[in-house]
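Asker: Here's my sequence, what's the structure:
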Amino acid sequence: PVNETQKMAELLGLGDKCGEGALGAPSLAGSCLADNRLNLDVYLDGCCRFLQLFEGRRGEVVQVEFLRLSSNDCLLGTTLSILPHLKHLKSLVLKGGHARDEFGSCQHGSLTSLPPDIGNLRCLTHLDLSFNSLSTLPSCILHLPSLRVLLVSHNSLVALPEDFGSLSKLTFFSAMRNQLKDLPQSIGELAVLQDLDLSENALEFLPEEVGNLHNCTELDLSGNCLSSIPDSLANLKSLRRLHLHSNLLVTVPASLASLPNLSRLDLQNNCLRAVPPEIQTSPFVRLRGNPLGETEPSPQADESRAGGLQRLFLASGEDSFTVTSEGCKVVLACGIHFYFPPGAASDPLRIYFRTLAPDPQWVKLRHHDVLLSRTLELQPHGVKFQQEVQIWMPYASPQTLHQREVVVRTFSGQSWSDLRTRLEQKRKSKKHVAHCSVLHFSWFLVVSRLVQNECKVPTEGTLLFSSVDPNIKVTFPPGVTEETRSVKLQVLPVSAEEIEEITADAGCRVSPLLCLSQDSLVDFLRPVRIQLPLPPGVTGLNLDQSRLHLLHGDLEGQTWDDITSQVVLEFTHLYAVFEVTHFSWYWLWYTTKTYIGGIAKKVYERLRMYQVNFIALQRKKDPEQVLLQCVPKHKVDPVLKKLQDRYRGPEPSDMVEMFEGEQFFAAFERGISIDMDRPDCVDGRLSFIFYSHLKNMKEIYVTSPVDRKDQAVKGQVSFYRGAVPESIPEDASRRRKGPDSLWLATLPIKLPQLKPRWRENPGPLNGFSFPPLNLGNAETGYLTQANLLSIARRVGADWQTIGLNLGLTYQQIERIGYNNREDLDKQILDMLFSWAQQNLEDPDCVSKLITAMKESGRQDIADEVETIIELGRQKYRESIRRVGL
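Answerer: Have a look, this model is predicted:
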């Protein structure tokens with residue numbers, strides 16, 4: 001390879017001008033240009049290299065026929081202006097996805113348009129613009145007379161040009177993962193089109209002209225919003241594979257079964273309640289995930305068709321409902337939906353539910369899992385239904401899904417397992433929900449995990465590859481096992497920026513991290529062949545094998561061993577291939593370091609940690625109300641911007657690192673205290689559990705035993721580590737023990753000097769009497785006079801908004817304001833107790849109070865009322881148990 005590189009450099013006349021490339025690569029021309037091909041997308045500065053090459057030997061570059069560039073390159077704009085000079089160009093790849101963000105996710109390229117002169121490339125037959133930021137298809141593409149293959153997947157296209165059919169020679173078109181809502185009628189003019197991929201868009205209908213694609217052999221329309229498909233699809237006589245899964249189809253034409261060459265029809269995860277017999281009996285049809293035979297649609301599929309099925313809408317204070325053999329649809333106040341089909345319960349059954357803050361002691365997250373919801377508990381546990389009950393759980397949408405997947409996880413009483421999950425988005429609220437079907441009730445939560453590919457390995461062998469990175473392949477030869485076993489594959493992409501930041505070594509590069517597992521404890525009988533892509537910037541031409549290390553890690557990531565000398569490594573231009581007989585983690589490292597195991601252990605630990613900041617803000621209208629939050633560093637600025645109108649406080653704390661599910665405490669110090677009776681208060685400190693995608697936030701009222709009539713109180717809140725998650729590495733666990741290692745950060749809190757007000761004396765004021773009250777009922781707990789007085793102290797200037805949301809008329813609010821003018825405290829008390837007197841007989845008045853506080857933007861007061869009510873419920877249950885009822 002060195003001699004070939006030197007010859008290529010001499011041929012292009014570059015000599016030593018280009019110098020060493022990335023990772024000590026040989027000269028530019030030799031490592032990039034072979035014959036008439038120029039592959040520069042493997043370099044971080046590929047566009048710079050292209051510009052140097054074009055300036056130095058333009059005559060040779062304009063003869064290039066195959067060109068690959070990364071659209072993540074900052075010099076892409078300058079490079080695009082040169083491309084029209086490459087008149088012989090046949091294949092042009094301008095893909096993004098080569099750079100990764102802090103989560104390891106592919107970043108889309110910066111490409112938003114193309115120069116008009118690109119349309120003059122008359123020889124261009126292949127154009128790949130995937131993973132970019134295109135919102136419209138560049139018009140110059142329609143002027144490429146020889147174009148046969150066009151890829152624009154993973155962009156932001158909302159429509160295709162009306163004259164898209166002018167690409168008369170197009171045989172392959174992929175627009176996967178865009179935002180297309182409809183298709184132009186001219187798409188039927190693509191007479192020679194063979195492969196059409198429009199999956200994961202927002203298509204709601206198809207034009208009849210799609211039926212004119214007579215040469216189409218594969219059509220992928222999965223992951224759209226189609227409720228029907230045109231009968232004209234039956235005209236596609238060449239069609240072999242039709243993908244329609246994960247839509248909203250309620251019917252399909254029976255004529256599809258007559259397509260002569262059709263070998264696969266995927267209709268899974270739709271809303272089909274009836275399928276023509278010709279289709280249902282066909283061996284090539286997939287129908288799993290449809291409500292076949294159900295007389296009622298599921299709530300999510302069509303909420304407008306209530307039919308005769310009972311629908312229950314439960315308020316925030318309710319915790320149970322009854323299911324009969326007739327079935328029902330249930331909507332909880334927190335947004336969780338249930339669908340109990342008729343016959344699911346043979347006898348009336350009382351269902352109890354509650355949502356819980358996840359406890360890391362029993363919610364066991366696996367490596368790289370991210371929690372996206374609170375825990376839903378359904379009782380009675382283990383109850384067996386006659387038909388599957390459908391559940392829709394809202395979840396916090398992660399930043400990206402294309403390298404992760406969201407699943408509902410359930411607890412069997414002994415272990416957690418993942419359910420088959422379908423992701424949906426509510427059309428009105430745009431909230432994300434996870435949909436699953438179950439035959440039993442226990443605990444449920446939503447998590448994001450690394451994409452998991454799995455297969456059954458028979459005696460005759462098979463092939464498994466990653467859907468995250470199809471370049472990662474595992475080949476099982478014949479005779480590899482005596483009995484069929486199940487194998488799972490997961491991939492964790494790792495960006496060059498992450499590695500450089502952690503190792504402080506700009507020359508260090510790693511491959512994606514590969515995890516292989518199986519359901520058997522027995523090693524394979526024959527070696528399994530694994531293909532991994534070489535680290536970024538490394539190719540078979542510039543590879544220095546002394547710097548390449550293959551690491552093997554145990555499943556817990558506690559140890560990493562260099563097994564380079566124990567296996568036979570084979571190399572191609574882009575891949576490394578090796579063989580193993582047992583499964584675990586595998587990782588390719590390219591570095592000048594010698595002891596790699598310790599470095600890999602440190603890097604792997606850091607990859608599981610989140611960099612966070614703490615904030616402590618005080619409400620501008622009431623400084624005694626303090627908001628505490630632990631925020632991932634990339635969210636700090638948006639969170640502060642959202643809160644700046646209502647809160648003020650110090651700058652966020654310095655950055656610290658935390659694991660998913662790690663406990664921490666907030667302690668108020670130097671003359672500031674809190675209510676010790678709070679359920680989340682442990683030894684005078686507030687308890688938190690950090691979950692990166694949940695709101696680690698609490699609003700609390702603080703007080704001071706110091707007399708504030710004469711002076712303000714300058715206190716502080718300090719954050720300390722708590723219990724360590726069981727699954728974290730041993731080294732990290734040791735560093736989190738000992739008094740000096742527990743402190744995380746300290747932020748100042750200042751309580752201003754008090755003016756003489758009723759807050760120091762909550763008794764009757766100037767003849768204003770407070771009648772005895774018991775709002776609510778014994779089972780849910782009461783709100784008493786003392787509770788209302790406590791709430792009144794926190795209301796402040798929001799009292800008019802709260803009063804209106806409680807149902808008081810505008811005239812009542814005006815009268816209360818006039819009668820108690822210039823005395824805010826009396827206005828608040830008059831409003832609250834006037835409302836209370838009007839609602840003494842209403843059993844739902846407490847729920848209405850909580851709702852009014854939330855609608856008024858006072859979540860802090862709503863949380864306080866819910867805490868009071870929960871304590872009341874607990875006391876009621878304890879009293880019931882004591883008397884043996």
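
Asker: What pairs with the longest strand seen in the chain, parallel or antiparallel?
Answerer: Ranked by residue count and defined by DSSP state E, the top strand of the chain is strand 609-619. Paired strands of strand 609-619, with direction, are strand 625-632 (antiparallel), strand 647-648 (antiparallel), strand 656-659 (antiparallel) (DSSP bridges).

Asker: Just send the ones you listed back as a markdown table, with mean neighbour count and mean pLDDT too.
Answerer: (Each C-beta comes from the backbone N, C-alpha and C, glycine too.) Shown next, in a markdown table, are the strands paired with strand 609-619 (neighbours: other CB atoms under 10 Å; pLDDT from 0 to 100):
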| stretch | mean neighbour count | mean pLDDT |
| --- | --- | --- |
| strand 625-632 | 22 | 90 |
| strand 647-648 | 16 | 90 |
| strand 656-659 | 20 | 89 |
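
Asker: is it possible to export the ones you listed to a markdown table including distance to Ile472?
Answerer: Shown next, in a markdown table, are the strands paired with strand 609-619 (distance: least, CB to CB, whole Å):
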| stretch | distance to Ile472 |
| --- | --- |
| strand 625-632 | 28 |
| strand 647-648 | 47 |
| strand 656-659 | 27 |
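
Asker: I'd like to know the average pLDDT value across stretch 39-58.
Answerer: Stretch 39-58 shows a mean pLDDT of 84.

Asker: got the end-to-end distance for it?
Answerer: 16 Å (CA to CA, to the nearest Å).

Asker: buried sites along that stretch?
Answerer: 39-50, 52-54, 56-57 (16 or more other CB atoms under 10 Å).

Asker: do you know how far His126 is from Ser174?
Answerer: 12 Å (CB to CB, to the nearest Å).

Asker: ugh, wrong one, I meant Ile187
Answerer: On the measure of CB to CB, Ile187 and Ser174 end up 14 Å apart.

Asker: quick revisit: closest to Ile672 out of the strands paired with strand 609-619?
Answerer: With CB to CB as the measure, strand 625-632 is the member of the strands paired with strand 609-619 nearest Ile672 (8.7 Å).

Asker: quick one: that closest one to chain centroid distance?
Answerer: 22 Å (CA atoms, centre = their mean, to the nearest Å).

Asker: all strands of the stretch 151-300 of the chain, in order?
Answerer: Remark: strands assigned in the stretch 151-300 of the chain by DSSP state E, counting those that start in this stretch are 172-174, 195-197, 218-220, 241-243, 264-266, 285-286.

Asker: Leu464 contacts Cys455, doesn't it?
Answerer: Yes - taking CB atoms under 8 Å as the contact criterion, Leu464 and Cys455 are neighbours in contact, 4.9 Å apart.

Asker: okay, the two: which has more neighbours?
Answerer: Leu464 (19 against 16; other CB atoms under 10 Å).

Asker: Could you report the distance from the more buried one to Ser486?
Answerer: From Leu464 over to Ser486 the distance is 11 Å, taken as CB to CB.

Asker: Please list the outside residues in contact with stretch 796-803.
Answerer: 621-622, 795, 812-813, 816-817, 824, 827-828, 831, 835, 852-853, 856-858 (CB atoms under 8 Å, 6 or more residues apart in numbering).

Asker: buried subset of the residues you listed?
Answerer: Here, 16+ other CB under 10 Å leaves 622, 795, 812-813, 816-817, 824, 827-828, 831, 835, 852-853, 856, 858 buried among the contacts of stretch 796-803.

Asker: Please enumerate the strands of the stretch 751-885 of the chain.
Answerer: Under DSSP E, counting those that start in this stretch, the stretch 751-885 of the chain gives strands at 774-777, 781-784.

Asker: Over the last one, what's the mean pLDDT, rounded is fine.
Answerer: Mean per-residue pLDDT for strand 781-784: 72.

Asker: and what of the first one?
Answerer: Strand 774-777 comes out with an average pLDDT of 71.

Asker: and for that strand, what are the contacting residues?
Answerer: For strand 774-777, the surrounding residues in contact (CB under 8 Å, 6+ apart) are 782-784, 788, 836, 839-840, 843, 845-846, 849, 869, 872.

Asker: shared neighbours of Leu464 and Cys455, which are they?
Answerer: Val487.

Asker: Ile700 pairs with what?
Answerer: Val626.

Asker: I figured it was touching Phe688, is that so?
Answerer: No - between Ile700 and Phe688 there is no contact under CB under 8 Å: 11.6 Å.

Asker: so what sits against both of these two?
Answerer: By CB under 8 Å, 6+ apart, the residues touching both Ile700 and Phe688 are Leu628.

Asker: And Arg354, which helix or strand is it part of?
Answerer: strand 349-356 (DSSP states H and E).

Asker: what's the following helix or strand after that strand?
Answerer: Toward the C-terminus from strand 349-356 - assigned by DSSP H and E - lies strand 370-371.

Asker: any residues touching that next one, and which ones?
Answerer: 358, 363, 365, 398, 404, 445-449, 660-661, 691-694.

Asker: how about 6 Å then?
Answerer: Strand 370-371 has contacts (CB atoms under 6 Å, 6 or more residues apart in numbering) with Val447, Ser448, Tyr691, Ser692, His693.

Asker: List the contacts of the second one.
Answerer: Ser448 sits next to Val370, Leu372, Pro398, Arg404, Val406 when contact means CB under 6 Å, 6+ apart.

Asker: Let me know the secondary structure of it.
Answerer: Recorded secondary structure, Ser448: strand (DSSP: H, G, I helix; E, B strand; the rest coil).

Asker: Against His337, how distant is it?
Answerer: 21 Å.

Asker: can you list the weak-confidence ranges in the stretch 1-150 of the chain?
Answerer: 1-35, 100-106 (pLDDT under 70).
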